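Undergrad: give the three-dimensional model of this entry:
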Amino acid sequence: MPTTKTKGIVVFSGGSAANNLVDVFSTVRENKKCPLSYVIPISDNGGSSSELIRVFGGPGIGDVRSRLVRLIPDDPDPSQTDSEKAAIKIFFNHRLPKDAELAKQEWLQIVEANHALWTNISTAKKELIRSFLNMINFEILKRLRPSSTFDFSSASIGNLFLTGARLFSGSFESAIYLLSSICSVPSHTLVLPAISTNHTHHIRAGLSNSTTITGQNSISHPSVPSPLEQTPSEHEETEAHDLIEDANLPGSLPTLRKQYITFSKQGEEDLPARIERIWYINPYGQEIRPPANPRVLEALDAAQAVIYSIGSLYTSLIPSITLKGVGEALSRPSIRHKILILNSTNDRETGPSSQPFSARDFVAAIAKAATESKSKDVHAVPEKAEYKMYVTHLIHLQGPGTPRVDKEELAELGIECIKVYGRRVGDEQFLRYDEKALIQALEVTMGRREARSERSRRNTLEG
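TA: Here you go, the predicted model:
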């Protein structure tokens, strides 16, 4: 008799913050015995990705790489020793020194297989990995011009590998498949770029004071660019960049053509006003409405639950939700549980500090992006009664600095709130989710039968 395939779980997330919850999602997936898909945005233009984009074009790949490497399993794999898995994780997460000359020297050591990073990686895998690193090294040399030299400062080896594999195959999806295979990512777990593309896709934010901010780096964690040319006016700056031979089209926005290798996520200044909308732009700043990766829509069509993970609301979640096709898929009643895991604190994107976002503001932003995804009107605004089409449950912490949660207000919108236990790590000023409490909350919400008996655990779950 034919068997019915178990519906899966789809997690919308960015990179570093949600990496802390990978074990939570993996445990829930295992207990539900279903597939798990991560949807990752590709609009990041900061850090070492900015240099790869400047020289080669293509999507921002850092969050995809970090998730694939984070998913290297801890359980025994007969094809790999534990030491090799650890070595591969270290290898693909490794960053070159900040000093450009030292970084280049170390890069040559790695390409020539003279670096200690290769220790404990089998010869077959070493030569396979090295072949793509040699390819990207050759492409860097090919693109060397008096006006443009590739800067290896703080470059991620995993990002360089993925770029080499993408250039070789002509397919970002193929490069992801190759890295997934090398990292032994289980077949039941997929990492899906929000857009399947070989091109760069940038985002722009519109603020409530009618100003705009261009590029994810400038929205999320602005840094002083290390420009190849510094000129006083935008027109002169554009002309100066047009003299540089790189992957950027002549006349494209200068702010999208700079190196943003060095930035800090600490001590960011408040935005002058709240973000109201995120949209995609072409290299000249004109709005575009790209479609979602078809595999993302397939995963949503076969989903029993969607989870909006912790992370940057407007640069990690919204760029995936606003894509054509996603809003329609999210609004379907076949997805019974649409769970927002609320951040434990507000950041630069969900301020300013004088007007911090509440839980309702997070929900409203998700609903607005999904509504815009469905509508021909890019300024479409959902009715409050429609919020529950996109968010049915909210899991949150409670303590100093956490976003305000008005349970009665959200209940009127048809959204159930579940408060869970949190903890502080070291000297951190903000709460972190306790893994066991979060697993319990997700399983109770999604209907795992065995979790019912655990609801009585004091200080763990309240809903």
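Undergrad: quick check: which element contains residue 368?
TA: For residue 368, the element it lies in under DSSP states H and E is helix 359-374.
Undergrad: what average pLDDT does that helix get?
TA: Averaging pLDDT along helix 359-374 gives 97.
Undergrad: just stretch 444-463 next, same as before
TA: 55.
Undergrad: excluding chain neighbours, what is closest to residue 344?
TA: If the residues on either side of it in the chain are set aside, residue 344 comes closest to residue 431, at 4.6 Å by Cβ to Cβ, 6 or more residues apart in numbering. All C-beta spots, glycine's among them, are computed from the backbone N, C-alpha and C.
Undergrad: can you check the distance spanned by stretch 337-349, start to finish?
TA: End-to-end distance of stretch 337-349 (Cα to Cα, to the nearest Å): 26 Å.
Undergrad: what's the spacing between that stretch and its chain's center?
TA: 14 Å (Cα atoms, centre = their mean, to the nearest Å).
Undergrad: just the C-alphas of the helix holding residue 368, formatted as CSV.
TA: Below are the C-alpha coordinates for helix 359-374, written out as CSV (Å, rounded to 0.1, in the frame of the first residue of the first chain):
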residue,chain,number,x,y,z
ALA,A,359,5.4,41.4,20.0
ARG,A,360,2.4,42.8,18.0
ASP,A,361,4.8,44.9,15.9
PHE,A,362,6.8,41.8,15.0
VAL,A,363,3.6,40.0,14.0
ALA,A,364,2.4,43.0,12.0
ALA,A,365,5.7,43.3,10.1
ILE,A,366,5.5,39.6,9.1
ALA,A,367,1.8,39.9,8.0
LYS,A,368,2.6,43.1,6.0
ALA,A,369,5.5,41.4,4.1
ALA,A,370,3.4,38.3,3.4
THR,A,371,0.5,40.5,2.2
GLU,A,372,2.8,42.5,-0.1
SER,A,373,4.1,39.2,-1.5
LYS,A,374,0.5,38.2,-2.5
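Undergrad: any idea which helix or strand comes after that helix?
TA: Past helix 359-374, the next helix or strand by DSSP H and E is strand 393-396.
Undergrad: other SSEs contacting that following strand?
TA: strand 337-341, helix 359-374, strand 416-420, helix 435-446 (3 or more Cβ pairs under 8 Å, 6 or more residues apart in numbering; DSSP states H and E).
Undergrad: now do 6 Å
TA: strand 337-341, strand 416-420 (3 or more Cβ pairs under 6 Å, 6 or more residues apart in numbering; DSSP states H and E).
Undergrad: give me the sheet partners of that strand and which way each runs.
TA: strand 337-341 (parallel), strand 416-420 (parallel) (DSSP bridges).
Undergrad: how much space is there between the nearest residue to residue 250 once chain neighbours are set aside and residue 215?
TA: Distance criterion Cβ to Cβ, 6+ apart; nearest residue to residue 250, sequence neighbours excluded, is residue 242 at 4.7 Å. In this view, residue 242 and residue 215 are 19 Å apart by Cβ to Cβ, to the nearest Å.
Undergrad: and residue 386, by the same measure?
TA: Applying Cβ to Cβ to residue 386 and residue 215 gives a distance of 31 Å.
Undergrad: can you check residue 399 too?
TA: Taking Cβ to Cβ, one finds residue 399 at 33 Å from residue 215.
Undergrad: residue 277 belongs to a strand?
TA: Yes - the assignment for residue 277 is a strand, going by DSSP: H, G, I helix; E, B strand; the rest coil.
Undergrad: quick one: neighbours of it, just the number.
TA: Using other Cβ atoms under 10 Å, residue 277 has 19 other residues around it.
Undergrad: near residue 82, how many other residues are there?
TA: Neighbour count of residue 82, defined by other Cβ under 10 Å: 12.
Undergrad: which residue ranges of the stretch 101-250 of the chain form strands?
TA: 189-193, 202-207, 212-214 (DSSP state E, counting those that start in this stretch).
Undergrad: winner for burial among these?
TA: strand 189-193 (a mean of 23; mean count of other Cβ atoms under 10 Å).
Undergrad: so what strands line up beside that one?
TA: Checking strand 189-193 against DSSP bridges gives partners strand 36-40 (parallel).
Undergrad: check which element follows the strand it pairs with along the chain.
TA: Remark: after strand 36-40, the chain's next helix or strand is helix 48-56, criterion DSSP H and E.
Undergrad: okay, buried residues for the helix or strand following that next one please.
TA: Where DSSP H and E defines the elements, the next helix or strand beyond helix 48-56 is helix 62-70. Buried residues in helix 62-70, defined by neighbour count with 16 or more other Cβ atoms under 10 Å: 62-70.
Undergrad: that'll do, ta.
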